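Q: Can you look at this prediction? I've put the sequence above it.
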Amino acid sequence: MKNEFSLLSQGEAINAAFKEEMRRDETVVMWGEDLISMGSIVSGSDNSTQGIFEEFGGDRIKDAPMVESAIVEMAVGAAMTGLRPIVSTMVAGFGICCFDPIFARLGSSYQEWLYQGPLPVVVVASIQGWTAKGPDHGLSPEALFMHSPGLKVVMPSTAYDTKGLLKSAIRDDHPVLFYTHQQLLIRDRELVPNEEYLIPLGKADVKRKGKDVTIVSYSAMMLKVLAAAEELSKEGISAEVVDLRCLVPMDVETIVNSVKKTGCLLIVHEAMKRAGAAGEIAMRVTEAAPDVVKAMKTPIRRLAAQNIALPHSVAIEEKIIPQTDDIIKAARELV
């Protein structure tokens, strides 16, 4: 009898999503840096592309030179001619090297060229904060790309969410920027259903129920937020944890419903505070539910990294990026 679940890492969940979608649809293709030679979307050992070349051959997956702009520009053309490309720029910070192709060619093609057809491109990359890899590799650039008018931005925190959201992203007819995180790729395996499932883009998930304070976050920062919520519970503070999963489209309704209950909102992310996603989240909540915000016990608070480029030092990086104790302290002050 077939098992109903398998223990998968995030990399293995990505691999399963890729293979399932490539078997289902022969127009799904992929290329990027080290996909075949390293078997990974982040030039590591996450196994996210392992076995794909052996099963599907060189017509469906290709290693590309380290020219991120060309990788993405090729995907634009391929999508317009009927393919569904998945492309990897390896590291999220390298998105700066191909900012124009992602932000404008993918994100603005409908407005700029009056293009009316589908543009099913998924750009996959990994954020590598907490590893002292410096400003290029450790950068969290999601807020930059949230500003692009036609681009969806997905940042899951679990293997289960990663697989379901990635499959939905590959089937989406609009361009999607899909960010993994190095800390999630190396964490312990999780139970993931063997049967096919999809998670719709733009739907948040309440990872922990609570009544005293709402904490909103996404990606690897969820690990610290959930750890903080557990410690807060020992002090009698009940934190409700909302995992956004998608920044564009954003599920504001789930946040508002939580804040109606708790009366407090703390937004936490790894990226720098100034002009970061937290400001947009707070404003969207305020615009959607001004009466709820007016009735809150305390003003909305955001906790994010300092406006400093990440160093090649773990000790210094830990002082720049919010840690579990920082989240606990901020939640205590709100309550």
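A: That came through fine.

Q: quick one: low-confidence ranges for the stretch 201-335 of the chain?
A: Applying pLDDT under 70 to the stretch 201-335 of the chain flags no residue at all.

Q: all strands of it, in order?
A: Chain-ordered strands for the stretch 201-335 of the chain, with DSSP state E, counting those that start in this stretch as the definition, fall at 205-208, 213-217, 239-243, 246-248, 265-272, 301-305.

Q: repeat for the stretch 51-200 of the chain
A: Under DSSP E, counting those that start in this stretch, the stretch 51-200 of the chain gives strands at 61-63, 84-91, 122-127, 152-154, 176-181, 190-193.

Q: Make a markdown table out of the ones you listed and add mean neighbour count, distance to residue 312 and mean pLDDT.
A: For the C-beta atoms, the positions are set from N, CA and C on the backbone; glycine is no exception. Shown next, in a markdown table, are the strands of the stretch 51-200 of the chain (neighbours: other Cβ atoms under 10 Å; distance: least, Cβ to Cβ, whole Å; pLDDT from 0 to 100):
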| stretch | mean neighbour count | distance to residue 312 | mean pLDDT |
| --- | --- | --- | --- |
| strand 61-63 | 17 | 28 | 96 |
| strand 84-91 | 26 | 15 | 95 |
| strand 122-127 | 27 | 16 | 95 |
| strand 152-154 | 26 | 27 | 98 |
| strand 176-181 | 26 | 19 | 96 |
| strand 190-193 | 17 | 31 | 95 |
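
Q: need these in a markdown table with distance to residue 275, can you?
A: What follows is the strands of the stretch 51-200 of the chain, written out as a markdown table (distance: least, Cβ to Cβ, whole Å):
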| stretch | distance to residue 275 |
| --- | --- |
| strand 61-63 | 35 |
| strand 84-91 | 21 |
| strand 122-127 | 17 |
| strand 152-154 | 15 |
| strand 176-181 | 18 |
| strand 190-193 | 33 |
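
Q: And those strands: which comes nearest residue 106?
A: Nearest to residue 106, of all the strands of the stretch 51-200 of the chain, is strand 122-127, at 7.5 Å by Cβ to Cβ.

Q: Parallel or antiparallel, which strands does the closest one pair with?
A: In the sheet, strand 122-127 lines up against strand 84-91 (parallel), strand 176-181 (parallel) (DSSP bridges).

Q: Out of those, which gets nearest to residue 9?
A: So among the strands paired with strand 122-127, strand 176-181 is nearest, using Cβ to Cβ, at 10.9 Å.

Q: starting at the chain centroid, how far to the closest one?
A: Strand 176-181 sits 5 Å away from the centroid of its parent chain (Cα atoms, centre = their mean, to the nearest Å).

Q: quick check: angle from that strand to strand 265-272?
A: 90 degrees (axes from the mean of the first three to the mean of the last three Cα atoms, to 10 degrees).

Q: residues in contact with strand 176-181?
A: With contact meaning Cβ atoms under 8 Å, 6 or more residues apart in numbering, strand 176-181 is reached by 10, 14, 41-42, 92, 95, 102, 121-129, 142, 145, 151-157, 162, 165-166, 169, 201, 219-220.

Q: switch to 7 Å and redo it
A: For strand 176-181, the surrounding residues in contact (Cβ atoms under 7 Å, 6 or more residues apart in numbering) are 10, 92, 102, 122-127, 142, 145, 151-155, 166, 169, 219-220.

Q: so who does residue 171 touch?
A: Contact analysis of residue 171 by Cβ under 7 Å, 6+ apart lists nothing.
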